[in-house]
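Student: Predicted model and sequence below, questions to follow.
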Amino acid sequence: MDLSEIRLNPEQKLAVDTLNGPLLIIAGAGSGKTGVITSRIANMLNHGIPQSQILAMTFTNKAAKEMEARVKSLTGKKLTNLTISTFHAFGVKILREHYVDMGFRPNFSIYDTGDKISCLKEAARELKLKYENPELMELANMFAAIKTERQPWDNTIDQHKPLYKEYEEHMRIYNAVDFDDLIVLPIHLMEEHSDILEKYQNRFRYIMVDEFQDTSSIQYRFLHLMAEKYRNICCVGDDDQSIYSWRGANYGNILQFEKDYPELIEIKLERNYRSTGTILKAANAVIANNTNRKLKELWTEMSHNEMTIKHTLPDDDKDEGDFIASTIASLRMKEHMKYDQFGILIRTNSLSKAIEDALLSSNIPYTMSGGTSFFQRAEIRDIISYLRVINNPDDDVNLLRIINTPRRGIGKRALETLIDESQRHSQSLYSTMTSLLFSADSELSTKLRNGIAEIVDLVEDFKDRFKEAGALAATGVELVEEINYWEYLLQEHASNDKVAKWKNDNIIMFMDFMSRWEKNPDNLEPSLQKWLNRITLVTRDDTDDNEAGKVNLMTIHASKGLEFDVVFLAGVEKDIIPHERAIAEDPANVEEERRLFYVAITRARKKLYITSCLKRRQMREMIDSSPSPFLDEIPLELMEAMEIEEEVEDPKEAEQYFARLPWK
DNA sequence: TGCCGAGGCCTTTTT
DNA sequence: GGCCTCGGCA
């Protein structure tokens, strides 16, 4: 493909041609944003800007991958030096280059939320504090806010300072960093070492940021640091699609950007190329209820003979799933649509269950991305923990997870003694274990000594084996055999060996991912640590485009940036969207929930189906539900109530149906 | 002291 | 429906 073949409207063209100086692109949903960004990069390359000087920041790894593929097809060039990365992955890159300056050893671990909670729990135990899980999660969120400077210490929370300090100390001992560190540590590094800052400024003279509305204040500070000198920074965003404020996203960054770079050029992309007029009108009407937004109105020249938005009220979540499955099946038959043209969007992961059941029983292939993904399954986490410990034996959190899995006779009591011992010496558990093992006079019971020796031998043995080049996955398979994990699974699921088999299959699949990653020529010098870093930063299981030919089921959050010909928006009910907990936190959150609803609607190209159940299974019981108040914001003429076919035989029933509609 | 079974509880969204 | 915790047993 050639750049000149791409037809751009005047605003898009201006965006693509403006290569120097600060640029702000306000890009409405479906306005061809990705095309503009990739064309702009291609244009830079055509103008002789070296790949190595370009840094493009994206929000997800998936977006990064897609962007790279599109630039590749536009330019036909090999992109060995172009950096397209998420903020977090870029942080890892800097950490890998400068771990010494930051006080880490080379094989550092990256802790995800679960590891973080475990580490916090350990730290609390050390201080003889006991917290319930929800409290720990609250503390974890608070500490994240403090670390990223969203919240200062004050006398209402100062009591938690010791725990915070203890947590940080543990992380140092474990040679581990958390997600926030990946952003914060590079900033500190650059602020403290002007030579390093300058190195990065000179290296990346052209910076682009996608999904700018979802950057946090601290991420903005990072961008500003990097871009200040050459001022070639282009931010692309849409304040109406800001849906990550709970994670620190601050769309006020758009205003800050205008302040810091008063010379910037601002371009608005308001022409929508994605959706039908009906869908667009509905989206515009919904988002118009938000205050405090940059004014823009999307418009389209899409052809007519459009379908209205269809709304149905299934009796319960099972009916909802069945409705979606049968509609997909019939559209596929009647309109020859392919599975991957369908997207099913949900507000929370827990809503997926009933839909998945329905898709499965209708034999409709699907992928569920995000959420409790594959990598979170207990058996996969176990194996990952082994790999983490082999890579970084000081990683106590992961060592604790596997030290007695499968059973090695190292029980609770023994562990407590070991942990106390390591605390006394301010060293990691593993160091304590090795020194105990080699000191002759330690009073270890034979049983305990054997258990410890077993794990230490295993780690030392596999540390070497993994270092041998080119055999990551093969060594992984050997590891799984060595620890007898299959035996353990059988034992654990003695009553149901189908489960054991299923879990074992998952591990085989996991090893297969590893093998494919290892063999991919794009991954230069694959190593155990690189693989581990990668899988902690990738939640979405992007299994090398296995998704083709499957229906896409995902949360609304995960759908950002994607589009589908047909979208089903399920669970559009009171307390689900807007979510009750979001509103309970702060009633003002209704605006973000509305943006979420807006993002969901604008994913649809041609057809949009909305479902609201009247009852829904929650945990054990059936609870009553009612349609979301957001539905009232869609103009009546754009949306049509639709009966679920088999059910309405009786006119009376239809009458009742209409009586139940919220706007009647 | 380690292991196993019973009972309670829950995650809103993700790098 | 599954994971974690606690209490009793070997």
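Tutor: Great, that's in hand. Here the structure is a predicted model, which means the values were calculated and not measured.

Student: Next, count neighbours for the closest residue to DNA strand B within chain A.
Tutor: With Cβ to the nearest atom of the strand, the shortest gap between chain A and DNA strand B falls at A:Gly411, namely 2.2 Å. All C-beta atoms are positioned from the backbone trio N, CA, C, and that covers glycine. The number of residues packed around A:Gly411, counting by other Cβ atoms under 10 Å, is 13.

Student: can I get the CA coordinates of the helix or strand encompassing A:Ile196 in PDB?
Tutor: With elements delineated by DSSP states H and E, A:Ile196 resides in helix A:194-203, which encompasses its position. These are the backbone C-alpha positions of helix A:194-203, laid out as PDB (Å, rounded to 0.1, in the frame of the first residue of the first chain):
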ATOM      1  CA  SER A 194      19.900  15.200  33.700                       C
ATOM      2  CA  ASP A 195      22.300  13.300  31.500                       C
ATOM      3  CA  ILE A 196      20.000  10.300  31.300                       C
ATOM      4  CA  LEU A 197      17.000  12.600  30.600                       C
ATOM      5  CA  GLU A 198      18.900  14.300  27.900                       C
ATOM      6  CA  LYS A 199      19.900  10.900  26.400                       C
ATOM      7  CA  TYR A 200      16.200  10.000  26.100                       C
ATOM      8  CA  GLN A 201      15.200  13.400  24.900                       C
ATOM      9  CA  ASN A 202      17.800  13.300  22.100                       C
ATOM     10  CA  ARG A 203      16.900   9.800  21.200                       C
END
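
Student: Okay, now the sheet partners of whatever helix or strand comes next after it, with direction.
Tutor: Read in the C-terminal direction, the helix or strand following helix A:194-203 is strand A:206-209, with elements assigned using DSSP H and E. Here strand A:206-209 has these sheet partners by DSSP bridges: strand A:54-58 (parallel), strand A:233-237 (parallel).

Student: The stretch 251-400 of chain A: strands as residue ranges?
Tutor: Ranges of strands in the stretch 251-400 of chain A, per DSSP state E, counting those that start in this stretch, are A:265-269, A:309-312, A:342-346, A:366-369.

Student: Hmm, A:Asp394 is touching A:Ile173, no?
Tutor: Yes: counting by Cβ atoms under 8 Å, A:Asp394 does reach A:Ile173; the two are 6.7 Å apart.

Student: Which neighbours do those two have in common?
Tutor: Both A:Asp394 and A:Ile173 are in contact with A:Ser428, where contact means Cβ atoms under 8 Å, 6 or more residues apart in numbering.

Student: Who has more neighbours out of the two?
Tutor: Each of A:Asp394 and A:Ile173 had its neighbours counted (other Cβ under 10 Å), and the higher figure belongs to A:Asp394 (21 against 18).

Student: Return the set of buried residues in stretch A:529-536.
Tutor: A:Gln529, A:Lys530, A:Trp531, A:Leu532, A:Asn533, A:Arg534, A:Ile535, A:Thr536 (16 or more other Cβ atoms under 10 Å).

Student: If you could redo that for stretch A:301-319, that was the one I meant.
Tutor: A:Met302, A:Thr308, A:Ile309, A:Lys310, A:His311, A:Thr312, A:Leu313, A:Pro314, A:Asp316, A:Asp317, A:Lys318, A:Asp319.
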